[in-house]
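[1] Quick check, what structure comes out for this input:
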Amino acid sequence: MPEISTSIRKHLDSLPAYSPIEPFEVLSSRLGRAPQEIIKLDANENPYGPSPAAIAALASMPFPHIYPDPESRALRKALQEFTGTPQEHLLAGAGADELIDLIIRVCVEPGDTVLSYPPTFGMYAFDTRLNGGQIIEIPRRADFSLDIPSIIRAVEVHKPRLLFLASPNNPDGSIPPASAIDALLELGTILVLDEAYIEFSDGGRLGDVTTRIRQVPERENLVVLRTFSKWAGLAGLRVGYGAFPAWMLPVLWKAKQPYNVNVAASTAAVASLQDIDRLADTVTRLQNERQRLSSALSRFKWLHLYPTQSNFILCKVDQVPASDLKANLATRYGILVRYFNTPALQDHIRISVGRPQDSDALVAALQELEHGQNFS
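    Predicted structure coming up:
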């Protein structure tokens with residue numbers, strides 16, 4: 001009789017674990033600080049939280065004891081008005097993360113290849129490996145721009161099933177030029193364009209930003225993913241959505257979990273879409289604070305900032321290890337920033353844009369650390 005442990009799929013033995021951000025209660029215990037004393041700038045969350053309309057809707061939910069609509073019809077109808085994309089092309093998920101995994105499960109056979117362009121969002125590689133696919137990574141250039149010639153060659157050689165591209169990219173916040181996206185679409189492979197942070201770009205007011213989502217019904221190889229986690233402040237409720245070509249949707253509907261978007265998430269998302277003006281003001285506040293924080297950080301000669309179109313700022317750290325800077329900010333000041341322990345980002349930190357008082361506390365801490373280290 002075989003050992004029980006042999007029941008686990010062999011390719012999972014070497015699967016690298018994804019490193020999620022830890023919750024407030026864990027951080028509070030580790031740092032010895034009350035949650036309200038922690039300045040959390042490490043996960044790109046919206047510091048202003050949900051719309052008051054969403055909070056009120058959650059408080060008055062009539063049917064939390066009933067299973068949710070498996071087709072998320074009310075949400076998809078509201079999203080049609082918000083995005084200008086027919087609801088027949090929209091599918092909701094438990095965050096965009098669920099939809100990334102669903103797309104890979106539907107499109108990738110074990111051994112098939114998927115292309116990604118690091119440094120970027122780690123779930124593309126994680127879910128590919130989880131589902132038995134092979135991730136082919138085409139590194140970005142030093143300025144985080146795409147190496148289009150190398151991508152074209154990789155498509156010719158590896159014949160990937162999917163191309164994943166974040167716009168804006170995480171962790172640097174850059175948006176690829178339209179010509180680069182067009183070049184990828186012309187390759188004929190399915191392009192999954194992850195627009196998790198697009199609402200923070202400078203393309204226009206919320207709901208009218210530069211996006212490809214309205215092109216999806218006209219293209220056979222374009223998927224666009226979006227989320228309520230960032231701009232709508234619903235990260236804890238896990239609700240996202242995607243626009244898909246018509247040929248892909250029947251199998252996606254069959255393959256997704258039946259009740260994947262819970263009642264609370266759907267309720268809050270619909271209410272958010274009915275309170276766009278208030279949330280647009282919040283987005284504008286974060287865009288303005290991004291500019292103010294960027295100006296303040298640029299005064300530190302040992303920080304190199306990358307241009308960003310998102311609600312975070314990536315900084316290259318000189319003169320001290322970035323890991324030490326992150327640790328000092330956390331232990332001495334209760335300020336959390338993101339450090340990526342990867343070869344391309346070992347000397348970088350990513351700072352989420354918070355409230356003005358959060359930025360002021362961060363800058364004051366950096367000044368104190370600078371003075372103590374005698375940075376030039």
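[2] Give the other helices and strands that the helix or strand E81 falls within contacts.
    Assigned by DSSP states H and E, E81 belongs to helix 73-83. Contacts defined by 3 or more CB pairs under 8 Å, 6 or more residues apart in numbering; DSSP states H and E place helix 73-83 against strand 90-93, strand 240-243, helix 263-273. For glycine as for every other residue, the C-beta is placed from the backbone atoms N, C-alpha and C.
[3] so of these, which one's packed in deepest?
    strand 240-243 (a mean of 27; mean count of other CB atoms under 10 Å).
[4] Show the subsequent helix or strand relative to it.
    helix 249-255.
[5] What residues sit buried inside that following helix?
    The neighbour-count check on helix 249-255 (16 or more other CB atoms under 10 Å) flags 249, 252 as buried.
[6] Stretch 234-247 now?
    Those would be 234-235, 237-245, for stretch 234-247 by 16+ other CB under 10 Å.
[7] thinking again about what came up before, return the set of buried residues in the helix holding E81.
    Neighbour count says helix 73-83 has 75-76, 78-79, 82-83 buried, by 16+ other CB under 10 Å.
[8] Ok, stretch 38-56 next?
    38-48, 50-51, 53-54.
[9] got it, and stretch 21-36?
    Neighbour count says stretch 21-36 has 27-28, 31, 33 buried, by 16+ other CB under 10 Å.
[10] same deal with stretch 65-72?
    68, 72.
[11] Roughly how far does the residue nearest to G354 when sequence neighbours are not counted sit from T282?
    With sequence-adjacent residues excluded and distances taken as CB to CB, 6 or more residues apart in numbering, G354 is closest to P47, at 4.7 Å. Counting by CB to CB, to the nearest Å, the gap from P47 to T282 is 9 Å.
[12] Run through the stretch 151-300 of the chain and note the low-pLDDT ranges.
    204-210 (pLDDT under 70).
[13] Spell out the residue ranges of the helices in it.
    178-185, 249-255, 263-273, 276-297 (DSSP state H, counting those that start in this stretch).
[14] Now render those helices as CSV, adding distance to D147.
    CSV is the format used below for the helices of the stretch 151-300 of the chain (distance: least, CB to CB, whole Å):
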stretch, distance to D147
helix 178-185, 10
helix 249-255, 31
helix 263-273, 36
helix 276-297, 26
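[15] mind checking which of the ones you listed is nearest N131?
    Evaluated over the helices of the stretch 151-300 of the chain, closeness to N131 peaks at helix 249-255, with 11.8 Å, by CB to CB.
[16] what's the spacing between the closest one and its chain's center?
    Chain-centre distance of helix 249-255: 24 Å, with CA atoms, centre = their mean, to the nearest Å.
[17] Stretch 89-101 now?
    That offset, for stretch 89-101, works out to 12 Å (CA atoms, centre = their mean).
[18] Just the endpoints, please. Distance across it?
    One end of stretch 89-101 sits 18 Å from the other (CA to CA, to the nearest Å).
[19] Quick check: mean pLDDT of that stretch?
    Throughout stretch 89-101, pLDDT has a mean value of 98.
[20] just to revisit the earlier point, any idea which of the helices of the stretch 151-300 of the chain gets closest to R129?
    helix 249-255 (19.0 Å).
[21] which residues sit against that closest one?
    71, 88-89, 91, 102-103, 105-106, 244 (CB atoms under 8 Å, 6 or more residues apart in numbering).
[22] on that earlier part again, in JSON lines, list the buried residues of stretch 234-247 along with distance to Y333.
    As requested, the buried residues of stretch 234-247 are exported to JSON lines (distance: CB to CB, whole Å):
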{"residue": "L234", "distance to Y333": "28"}
{"residue": "A235", "distance to Y333": "23"}
{"residue": "L237", "distance to Y333": "29"}
{"residue": "R238", "distance to Y333": "30"}
{"residue": "V239", "distance to Y333": "33"}
{"residue": "G240", "distance to Y333": "33"}
{"residue": "Y241", "distance to Y333": "37"}
{"residue": "G242", "distance to Y333": "39"}
{"residue": "A243", "distance to Y333": "42"}
{"residue": "F244", "distance to Y333": "44"}
{"residue": "P245", "distance to Y333": "48"}
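[23] I'd like to know which of those residues is nearest to Q319.
    A235 (33.5 Å).
[24] nearest residue to that closest one other than its sequence neighbours?
    Closest to A235 by CB to CB, 6+ apart is S229, at 4.0 Å.
[25] Please report how far that neighbour lies from E88.
    On the measure of CB to CB, S229 and E88 end up 25 Å apart.
[26] ok, now A364?
    52 Å.
[27] still on that earlier bit, export the helices and strands packed on helix 73-83 to a markdown table and tack on distance to K326?
    Converted to a markdown table, the helices and strands packed on helix 73-83 look like this (distance: least, CB to CB, whole Å):
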| stretch | distance to K326 |
| --- | --- |
| strand 90-93 | 31 |
| strand 240-243 | 28 |
| helix 263-273 | 31 |
